[in-house]
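Undergrad: predicted model and sequence follow; I will ask about them next.
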Amino acid sequence: MAQGQRSRSTKNELELVRRELREAVDRQAATNEILHLISSSPIDTQPVFDAIVQSGSKLFPGAAVTMALPIGDKVEAVAVADEDPIRAEAWRGRFPFPLTLEYMHGVAILEARVVDIPDVANAPNKDSAGAQNFLASGYRALTLTPLLRDDKAIGVLGIVRLSPGPLSNEQLAVLHTFAAQAVIAIENTRLVNELRQTNSILEKVSDQLAKYISPQLYHSITTGEQDVAIVSKRKRLTIFFSDIVGFTEITDQLEAEVLTGLLNEYLTAMSEIAEQFGATFDKFIGDAIVCYFGDPESMGVKEDADACVHMALEMRRRLYKLQSGWQGKGLIDRSFEARMGINTGYCTVGNFGSQDRMDYTIIGHEVNLAARLESHADAGGILMAAETYSLVKGWLLAEEQEAVTMKGFSQPVRTFRVKGQIDEFEKDSNDFHYVDEGVTISIHYHRTDKPKTKQALQKAIAQLDK
């Protein structure tokens, strides 16, 4: 008999161990599933809440598991599970509760503490509105664990049971683990949403900021290549100035609304062209445009000069089209032309101002020269200094003008008036042009004395052959 009792006792112990092992495996599997959902659904808490209550329903037979959150002045059930779906729906129908101490969920949230009542029917507050509401649902016991963030309850995880009695220590441990996972899910969602909101604000600010500075400078600041500090450097740049000829008279003749429309259309078109060719905008000054090539990015000194002159030519072509369109609409009855000046040389470029307010700009003798060239250009003309012309003369047709004495410059300045690209100019005429280092040949077929020209060329060839 004693032997039989020992055998049964051993079997019972083994069965208990097996059951505890199965329960431990089930708890671990539930925890892993929830953690996986937290990591894979960082912007949505609902899948995590659903998984917690569904897992709890399996681990706590005969109980309903509820995830509830305070929303306004009420407690709302965001997830409910019970092995009996009809009972689960009936319990969900008891929500929302008022967020007050009259209700046990309110106590758990407002006082941020665990509410554990093994038998609500025999509890001191059994006559309260909350207790009566709970008992009317057919349940007898409950354990509510607050979801804490910085010692403040942001929700509550509840286990309500049909039969009175406390939870075991193992069950309480599972409940606390699930509550901690729910907090992680809520925190992840909050942080992701805050990050999205912050990013949205930054994107809007960045979009606005990008309209005030050049794309190159904006990129160098946002990527960390450019420090926002009062620093400067010397660089060889090609500088461009332009303004509208007779703009003051134009403003007197046009209504403000029409003038504003024309000016904005003009500046928008010129800005698009400048961006297309890689110019760094320095500033708009009314109708005037100031930009440069060679900083913060440079394609090379010659390439920067090429891009600047190509930009100026395209601006002139676009302005002719704009002017024609405005005249066709009857918006203007006079010419709307720009003067342009271009110079290449060493400038000081960087941040100037104070620690609180600074401007990224260019200063120096060569900048002043570009401005002077613009003021001496003809209406619709492009005037450049000798250094710029030396860089672009391989493809550009230009005529040297009389040297100009300018204020602030000790020596007269050599200047060149741009006519156009050599290849395009030759398409529209019977002229021939060749420019290279140390040689310039321009033949106007309809105006030249052909015999004399041939003699001159033959003499030049003979000299080259020596």
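TA: Arrived safely, thanks for sending.
Undergrad: quick one: the strands in the stretch 201-350 of the chain?
TA: Using DSSP state E, counting those that start in this stretch, the strands assigned to the stretch 201-350 of the chain run over residues 232-244, 280-285, 288-293, 338-353.
Undergrad: turn those strands into a markdown table, including distance to D44 and mean pLDDT.
TA: Yep, even glycine has a C-beta here, placed from its N, CA and C like the rest. Shown next, in a markdown table, are the strands of the stretch 201-350 of the chain (distance: least, CB to CB, whole Å; pLDDT from 0 to 100):
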| stretch | distance to D44 | mean pLDDT |
| --- | --- | --- |
| strand 232-244 | 50 | 93 |
| strand 280-285 | 44 | 86 |
| strand 288-293 | 48 | 94 |
| strand 338-353 | 45 | 91 |
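Undergrad: any chance of those strands in CSV, plus mean neighbour count and distance to R316?
TA: Formatted as CSV, those follow (neighbours: other CB atoms under 10 Å; distance: least, CB to CB, whole Å):
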stretch, mean neighbour count, distance to R316
strand 232-244, 21, 9
strand 280-285, 16, 18
strand 288-293, 24, 13
strand 338-353, 22, 7
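Undergrad: from V349, how far off is the residue most central in space within the chain?
TA: Against the mean C-alpha coordinate of the chain, by CA atoms, centre = their mean, the closest residue is E203 at 3.8 Å. Note on E203: its distance to V349, by CB to CB, to the nearest Å, is 29 Å.
Undergrad: ditto for T100
TA: 67 Å.
Undergrad: next one: G328
TA: In terms of CB to CB, G328 sits 42 Å off from V349.
Undergrad: in terms of contact, does D151 touch R113 like I think?
TA: No - contact criterion CB atoms under 8 Å: D151 and R113 do not qualify, at 10.7 Å.
Undergrad: the more surrounded of the two?
TA: Neighbour tally, D151 and R113, criterion other CB atoms under 10 Å: the higher count belongs to R113, 14 against 7.
Undergrad: contacts only, for that one.
TA: R113 makes contact with V107, P146, according to CB atoms under 8 Å, 6 or more residues apart in numbering.
Undergrad: where does it sit: helix, strand or coil?
TA: Put simply, R113 is coil when judged by DSSP: H, G, I helix; E, B strand; the rest coil.
Undergrad: make 381 the starting number, not 1.
TA: Sure thing, new numbering starts at 381, so read that last one as R493.
Undergrad: and it, how far is that from A836?
TA: Counting by CB to CB, the separation of R493 from A836 is 107 Å.
Undergrad: just V460 next, same as before
TA: Relative to A836, V460 is positioned 102 Å away (CB to CB).
Undergrad: the more surrounded of the two?
TA: Using other CB under 10 Å, the more surrounded residue of V460 and A836 is V460, with 26 against 14.
Undergrad: please determine how far the more buried one is located from A562.
TA: The gap separating V460 from A562 is 14 Å, by CB to CB.
Undergrad: hey, what's in contact with both of these two?
TA: Shared contacts of V460 and A562 (CB under 8 Å, 6+ apart): M447.
Undergrad: distance to A516 added to the strands of the stretch 581-730 of the chain, as a markdown table?
TA: Formatted as a markdown table, the strands of the stretch 581-730 of the chain follow (distance: least, CB to CB, whole Å):
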| stretch | distance to A516 |
| --- | --- |
| strand 612-624 | 79 |
| strand 660-665 | 73 |
| strand 668-673 | 78 |
| strand 718-733 | 72 |
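Undergrad: so which of those gets nearest H485?
TA: strand 718-733 (58.5 Å; CB to CB).
Undergrad: care to break this structure down by domain?
TA: Domains of the chain are assigned by automatic domain parsing as 393-573, 610-808.
Undergrad: as a markdown table, the ones you listed with distance to D829 would be great.
TA: Output for the domains of the chain, formatted as a markdown table (distance: least, CB to CB, whole Å):
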| stretch | distance to D829 |
| --- | --- |
| domain 393-573 | 82 |
| domain 610-808 | 20 |
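Undergrad: hey, least reliable of the ones you listed by pLDDT?
TA: Set side by side, the domains of the chain differ in mean pLDDT, and domain 393-573 is lowest with a mean of 81.
Undergrad: that older thread, which neighbours do D531 and R493 have in common?
TA: Listed as contacting both D531 and R493 by CB under 8 Å, 6+ apart is no residue at all.
Undergrad: V458: neighbour count?
TA: If you count neighbours by other CB under 10 Å, V458 ends up with 17.
Undergrad: now do K799
TA: Neighbour count of K799, defined by other CB under 10 Å: 15.
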